[in-house]
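Novice: Predicted coordinates and the sequence they were generated for:
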Amino acid sequence: MFFSGISDEAGQAIETQIKAHQDLGWKHLELRLVDGENVTALSDAKFSEVYGKVCDAGMKISCFGSAIANWARPITCDPQIDIDDLKRAIPRMQKSGTPFIRVMSYPNDSKHPVEEPEWRNEAIKRMKVLAKMAEDGGITLAHENCSGWGGLSADNSNILLGEVNSPALKVVFDTGNPVTYGQDAWEYYEKVYDDIVYVHIKDAKKVNGEDVYTYCGEGDGYVREIVGDLLKKGYDGGFSIEPHLAAVIHTGQKADSDSALYDSYTEYGRRLVKIVDEVKP
């Protein structure tokens, strides 16, 4: 088992992201944005520079937090966008030894929604193409229980993976997302457990119908119970923090200050370490 985190939630510069993880004593980080640009969209030169700094720090990249099929890419978007993203990502993942790339499974189009059967079939069709690319490239798509047809329920997630039927499509389970989607996190976790290869640690609760993100263990995401159950069952993968406290990328919420972002991130990491120490067998 190892700790990681979506490091742009500590700061935009790669140097800040690395420092936060060094302060926590962690050897892994999950790359999503660097200087506001997604890791799959960076130029080759910029990625080489970023990866060089990660290597110089003696660290590893646990996952690419891509935008593939995410909340900003509805089922009506051009599928070539995601194909191109994955084409850029695979050689970078091979070079850096990064096993996972986070994906979602296409939300419906809020302005021009399609009927559910069409949404389902198109999402599965697109994921089959992406999974074949991942399989050929020796990497794994980690499907997050978030925006998209496959994130609507644990049953949908299982149907998606079953229909795509590829060893290169697995689950990254986010402990906080079920809360914000009105689902039960524990029930969702139990249903998708068999395919979990990576875990995002987030927590939240509903307050007067609004999503309120909390430190891990203080919300309704069953963080302590899920972490404990995973470790009891022999899970040896990553726990990657995504605090959403000072800033929330998908809502446009920005931190009041760089220090607020950094401090909340590192405190979140320390609290997760404490939980793991308390629940591990």
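Specialist: Received the coordinates, thanks.

Novice: pLDDT value on L29, please?
Specialist: Reading off the confidence values, L29 has pLDDT 98.

Novice: wait, isn't it in contact with V54?
Specialist: Yes: contact criterion CB atoms under 8 Å: L29 and V54 qualify, at 7.2 Å. For glycine as for every other residue, the C-beta is placed from the backbone atoms N, C-alpha and C.

Novice: what is in contact with these two at once?
Specialist: Any residue near both L29 and V54 by CB atoms under 8 Å, 6 or more residues apart in numbering counts here, and that gives I18, K60, I61.

Novice: are any of these buried, and which?
Specialist: The neighbour-count test (16 or more other CB atoms under 10 Å) applied to the shared contacts of L29 and V54 identifies I18, K60, I61 as buried.

Novice: And the residues you listed, which is closest to T40?
Specialist: Nearest to T40, judged by CB to CB, of these is I61 at 12.5 Å.

Novice: Tell me the helix or strand right after the helix or strand harbouring that closest one.
Specialist: Under the criterion of DSSP states H and E, I61 resides in strand 60-64. Sequence-wise, the next helix or strand beyond strand 60-64 is helix 80-96, with elements assigned using DSSP H and E.

Novice: Who are the packing partners of that following helix?
Specialist: With contacts taken as 3 or more CB pairs under 8 Å, 6 or more residues apart in numbering; DSSP states H and E, helix 80-96 sits against helix 44-56, strand 60-64, strand 100-105, helix 116-137.

Novice: do that again at 6 Å, thanks
Specialist: Packed against helix 80-96, as judged by 3 or more CB pairs under 6 Å, 6 or more residues apart in numbering; DSSP states H and E, are the following elements: helix 116-137.

Novice: residues in contact with the helix it packs on?
Specialist: 75, 79, 86, 90, 105-106, 108, 141, 149, 163-164, 166, 168-169 (CB atoms under 6 Å, 6 or more residues apart in numbering).

Novice: can you tell me which two in the residues you listed are farthest apart?
Specialist: Between all members of these, the longest pairwise span (CB to CB) is found for I90 and N108 and amounts to 27.9 Å.

Novice: would you put the C-alpha positions of stretch 169-182 in CSV?
Specialist: What follows is the C-alpha trace of stretch 169-182 in CSV, where atoms were taken according to Å, rounded to 0.1, in the frame of the first residue of the first chain:
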residue,chain,number,x,y,z
LEU,A,169,-10.4,-1.3,-17.9
LYS,A,170,-10.7,-1.4,-14.1
VAL,A,171,-12.1,0.8,-11.3
VAL,A,172,-10.7,3.8,-9.4
PHE,A,173,-13.1,4.1,-6.5
ASP,A,174,-13.7,7.6,-5.1
THR,A,175,-15.0,7.5,-1.6
GLY,A,176,-16.6,11.0,-1.7
ASN,A,177,-18.3,10.9,-5.1
PRO,A,178,-21.3,8.7,-4.0
VAL,A,179,-22.2,11.3,-1.4
THR,A,180,-22.4,14.1,-3.9
TYR,A,181,-24.4,11.9,-6.3
GLY,A,182,-26.9,10.9,-3.7
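
Novice: circling back: okay, the contacts of helix 116-137 in a markdown table with distance to F239 and pLDDT next?
Specialist: Supplementary listing: those in a markdown table, determined by distance: CB to CB, whole Å; pLDDT from 0 to 100:
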| residue | distance to F239 | pLDDT |
| --- | --- | --- |
| I75 | 31 | 98 |
| P79 | 32 | 98 |
| L86 | 25 | 98 |
| I90 | 25 | 98 |
| S105 | 23 | 98 |
| Y106 | 27 | 98 |
| N108 | 31 | 98 |
| L141 | 19 | 99 |
| W149 | 27 | 98 |
| E163 | 29 | 98 |
| V164 | 26 | 98 |
| S166 | 25 | 98 |
| A168 | 22 | 98 |
| L169 | 21 | 99 |
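
Novice: Out of those residues, which is nearest to S66?
Specialist: Distance ranking of these against S66, using CB to CB, places L86 first at 7.8 Å.

Novice: tell me the contacts of that closest one?
Specialist: L130, M133.

Novice: If we use 7 Å, what do you get?
Specialist: In this structure, L86 makes contact with I68, L130, M133, judged by CB atoms under 7 Å, 6 or more residues apart in numbering.

Novice: nearest residue to N156 other than its sequence neighbours?
Specialist: Excluding the flanking residues, the one nearest N156 by CB to CB, 6 or more residues apart in numbering is G150, at 5.2 Å.

Novice: looking at it, the one you found is touching H143, isn't it?
Specialist: Yes: proximity of G150 to H143 meets the contact threshold set by CB atoms under 7 Å, at 5.9 Å.

Novice: All good on my end, thank you.
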